[in-house]
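>>> Need coordinates for the following:
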Amino acid sequence: MKLTTEQIVKHFIDVEMIKYNHEYSRIAKIHKYWSRKPWFVIERYISAYSKENDLVLDPFCGSGLFGLEAILQDRDFVGYDLNPFAIFLAETTLDTLFDSAEFENELKIIRNDIKAKIMKLYAINSAYLLYGILGGKNIKKYNAILCDGNFQNKEKVILNKDNLMPEINIPLNLHFPDNDFPKKFYKDRFSYKGVNKVSQMFTRRNLLALTLLYNELTSKNFKYKDYFYLALTNTLLHVSKLKAENVRPLSVNNYWIPDDYIEENVWWRFEDRVKNVEIAKTTYLKRIKLSNTPLGRFKFFNKSSLEMNEISNNSVDYLITDPPYGDSIQYSELSFIWNTWLKRVFDTREEVIINPVQNKGINEFNVQIQNFINETKRVLKSDAYFTLCFQNKDPKIWINIAEAIFQKGFKLVDISSYNTFGSPYNKSWSKFSPKSDFYVTFKKDTNTTTSSYNKKIEPEHIAKQIIQYFKKHNGKLLNLNKSYDLFVSVVIKKIFDGYSVINYEKLTIKSIILMFKEIIGYGDK
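I've put the predicted structure just below:
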């Protein structure tokens, strides 16, 4: 039974209206990562398309949240990711080894060993520097926030250069990871400011503080060493030159150093990140305890998912994934600092991405996606389901992906759209941005090997059909800002109805929204 436009419209779901336990969302805050989906939406899909003891696969597992929901529902899980940091984060997130008392004891050792040494670096008169604004040209005085340590008595002051930019030498016996940045970064907004090495992303004071932390962790045989490394890596960007008073690190989705960057107290930020880890782990264990379901098993592979040799043919019960989409998120570049401090290397040769400096354009990306879809069809059991999650501002990307899936003989089962949860980057930086996360579910059809088009349709004709539907049912298009998202859904439906969408190559979010405005204006005359 084919999806109708009415069904698609009904599946535009306001995620804020779904009832869920807000406390469980804190698990995802263990560390920053991209494209995270709400746990309660993931839970719905795993429950709907798989059953207990099934094998669930995520070929682009990222932070591992699909795996987390799978094992919590007693499914076995396998995840692939080419990013070493993603695998580190996923394995640490799903790990059930945690005892708060032991964790606090190890944190106490760290405090006793190095807190005083680090805080001494930020001592100014009888207070400590919380952060200071260093950026700007030809500025001789610098704004700063001092704090007494209890965060009750914060004081804004103006300090001279010696206070905020002291001469600091790092002892030769202390070591820190310090890779050169690749000579070519696709999203390079830092080298023009003289930053060529990872160490140059930090002030000398903050680099010394981070080095003291790093050497403390590497020299001790802590049971929860990986958890503290997680807190340390989650500290790095906050205490780097990527942060300003009104700019969060990576808020512009690349390594951009603002002119008015700040220097933030490393110890206080580290303790805050440690607290995040502790809250996430205790919440995770609480959720396990309150559940009557046994945990499934999980395994991760730090390798490309284009050749999943570890997975047998016709062995996977359900596949759910959120793959890279074109050039929207440069995972290898944005993870470079984290991987450097963990002494891990991201081999980008098989990274599924559009990145000109890697000599990967749209054609190379499409070939990689087709290889991924071939692997998906190989490993899925007969009549098993496959859910693709995505949010992308380039219609060419998702049209190409939908066409590739259709041509491999998959059947379209469902298209649902959820308002984006929280404040993701794409939603905040432009009015011409996606407002929804799509979850498109397909079924491996045992009776079909390939599918082909027998009809053609113009984008304008699809837009007119959508507007006619709303005029018939609601009198008008309810939300013009959602017209792009609805257009995406209906185009996917048309592709699986055997339509080839022609003349779509120059479509953008802006042009699609303007197309709807023009048609509505013409129809109202």
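>>> quick one, longest strand in this protein?
strand 380-390 (DSSP state E).
>>> I'd like the next helix or strand past it.
Helices and strands here follow DSSP states H and E; after strand 380-390, the next one along the chain is helix 395-407.
>>> quick one: that next one to strand 380-390, angle?
If you take axes from the mean of the first three to the mean of the last three Cα atoms, to 10 degrees, helix 395-407 sits at 170 degrees to strand 380-390.
>>> what helices or strands is helix 395-407 leaning on?
helix 362-379, strand 380-390, strand 436-443, helix 483-496 (3 or more Cβ pairs under 8 Å, 6 or more residues apart in numbering; DSSP states H and E). Quick note: C-beta positions are derived from backbone N, CA and C, even for glycine.
>>> among the ones you listed, which is nearest Asp74?
Nearest of the helices and strands packed on helix 395-407 to Asp74, taken as Cβ to Cβ: strand 380-390 at 17.8 Å.
>>> related to what we said a few turns ago, need the contact partners of the longest strand of the chain.
Outside of strand 380-390, the residues within contact range by Cβ atoms under 8 Å, 6 or more residues apart in numbering are 37, 45, 49-50, 314-323, 325, 376, 398, 401, 405, 410, 413, 437-446.
>>> Please apply the same query to stretch 182-196.
Contact with stretch 182-196 is made by 180-181, 200-201, 241, 252-257, 327, 330, 333-334, 336, 355-358, as judged by Cβ under 8 Å, 6+ apart.
>>> make it 10 Å
Stretch 182-196 is contacted from outside by 135, 180-181, 200-202, 240-242, 252-259, 261, 327, 329-330, 332-334, 336, 348, 353-358, 360, using Cβ atoms under 10 Å, 6 or more residues apart in numbering.
>>> Using the three-state scheme, assign the residue positioned nearest the centre of the chain.
Per Cα atoms, centre = their mean, the C-alpha nearest to the average position across the chain is that of Trp34, at 1.0 Å. Put simply, Trp34 is coil when judged by DSSP: H, G, I helix; E, B strand; the rest coil.
>>> Buried ones in the longest strand of the chain, by neighbour count?
Leu380, Lys381, Ala384, Tyr385, Phe386, Thr387, Leu388, Cys389, Phe390 (16 or more other Cβ atoms under 10 Å).
>>> now swap in stretch 173-181 and tell me
Taking 16+ other Cβ under 10 Å as the criterion, stretch 173-181 shows Phe176, Pro177, Phe181 as buried.
>>> Next, work out how far apart the closest residue to Ala280 other than its chain neighbours and Ile415 are.
Leaving out its chain neighbours, the residue that sits closest to Ala280 by Cβ to Cβ, 6 or more residues apart in numbering is Ile30, at 3.7 Å. Here the criterion is Cβ to Cβ, to the nearest Å. By it, Ile30 lies 31 Å from Ile415.
>>> Which one's more surrounded, those two?
Ile30 (24 against 20; other Cβ atoms under 10 Å).
>>> what are the phi and psi values for the more buried one?
Per-residue torsions, Ile30: phi -60, psi -30 (degrees, to the nearest 10).
>>> Any figure for the gap between it and Pro294?
23 Å.
>>> Thr92 touches Val277, doesn't it?
Yes: at 8.6 Å, Thr92 counts as touching Val277 under the criterion of Cβ atoms under 10 Å.
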